[in-house]
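> kindly generate the corresponding structure for this input.
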Amino acid sequence: LFRSAHFLNNVHSHNDYWRKLPLFEALAYGVNSVEADVWLMNNDTELAVGHNNAYLDPIHRNLHSLYTGPLLKMLDEVNCGTHDEKYGVFYDSPETTLYLYIDFKSEDNIKTYELLMQKYFKPLIEMGYLTYYDMETKLIIRRPLTVILTGDYPTDIKRLDNNSDTGYFNTKQRFVFVDAPLQALTKDYLNASVVASCSLSQLLQQCSSTMPIVRIRGHLTAGEIDCIKQTTSKASEYGLRTRVWG
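I've put the predicted structure just below:
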């Protein structure tokens, strides 16, 4: 487990696989949000992790070796499979979930999603480690690991449920959440998301401004800040965390 004097709840490790020690460095600093870009490789049997497909190593740097494998081992060690309540990876805050962003990079997002569920997430699901949406109670049940799909993920919620009214594994549970568009939020994302993201440029466009203008000026105006706050406040009303990039 990772003990941190300062738990960094509002820090996101973007492109986490660029760290000297992917995942572990973020956890050591108390960061509870990491992101991995995934690519279909080896005849669609492996998800390699990396920013550019020219530098991928599906043998040594894949989603299992860098993320889901170590997480399963850590969670097994702390939970021992003996109790219903599942504890997370932070010693000083065992109830805190770790947000794992999966950024879809390959064109075939359906095959990517199927591989994610069947090969990488199923062992974590079977142990009860993944946060899920309960289709019967319409509640989000928090667990040690919360998966968020971003990038070119399948946008059809029915597809995420394997075109079934009872969920991908017929358990009446959905084990992944989509990265909702912060700049275009609707109530459709209430049960499908736990976080909303967009670029600063997209936010500024809603506020009748642009990034070049802000760069030249060197700061945001009070009006721009108030406008951005209106957007983030709407996400907060929906119970969503917010993430602004760029």
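
> flag the shaky bits of this protein, pLDDT-wise.
Within the chain, the set of residues satisfying pLDDT under 70 comprises 1-9, 81-83.

> residue 87 should be in a helix, yeah?
No: when classified by DSSP: H, G, I helix; E, B strand; the rest coil, residue 87 is found to be coil rather than part of a helix.

> my read: it touches residue 79, true?
Yes: if you go by CB atoms under 8 Å, residue 87 and residue 79 touch, sitting 5.7 Å apart. Heads up, the C-betas are built off the backbone N, CA and C, glycines and all.

> what values do phi and psi take at residue 242?
The phi and psi torsions at residue 242 (degrees, to the nearest 10) take the values phi -120, psi 150.

> kindly report the same for residue 195.
Residue 195 adopts backbone torsions of phi -150, psi 150, taken as degrees, to the nearest 10.

> OK, contacts around residue 101?
Under the criterion of CB atoms under 8 Å, 6 or more residues apart in numbering, the contact partners of residue 101 comprise 12, 33, 34, 35, 36, 148, 149, 150, 179.

> please name the nearest non-neighbouring residue to the first one.
If you skip the residues right next to it in sequence, residue 12 has residue 33 as its closest partner in space, 4.2 Å away by CB to CB, 6 or more residues apart in numbering.

> dump the residue contacts of that neighbour.
When the contact criterion is CB under 8 Å, 6+ apart, the partners of residue 33 are 11, 12, 13, 26, 98, 99, 101.

> what is the burial count for residue 136?
8 (other CB atoms under 10 Å).

> need the three-state assignment for it.
Applying three-state DSSP to residue 136 yields a three-state assignment of coil.

> quick one: it and residue 174 touch, right?
No: no contact is recorded between residue 136 and residue 174 when judged using CB under 8 Å, the distance being 11.6 Å.

> ok, back up a step: can you give me the distance of the residue nearest to residue 12 to residue 195?
Relative to residue 195, residue 33 is positioned 9 Å away (criterion: CB to CB, to the nearest Å).

> same deal with residue 186?
Note on residue 186: its distance to residue 195, by CB to CB, is 15 Å.

> neighbours of residue 138, how many?
The number of residues packed around residue 138, counting by other CB under 10 Å, is 9.
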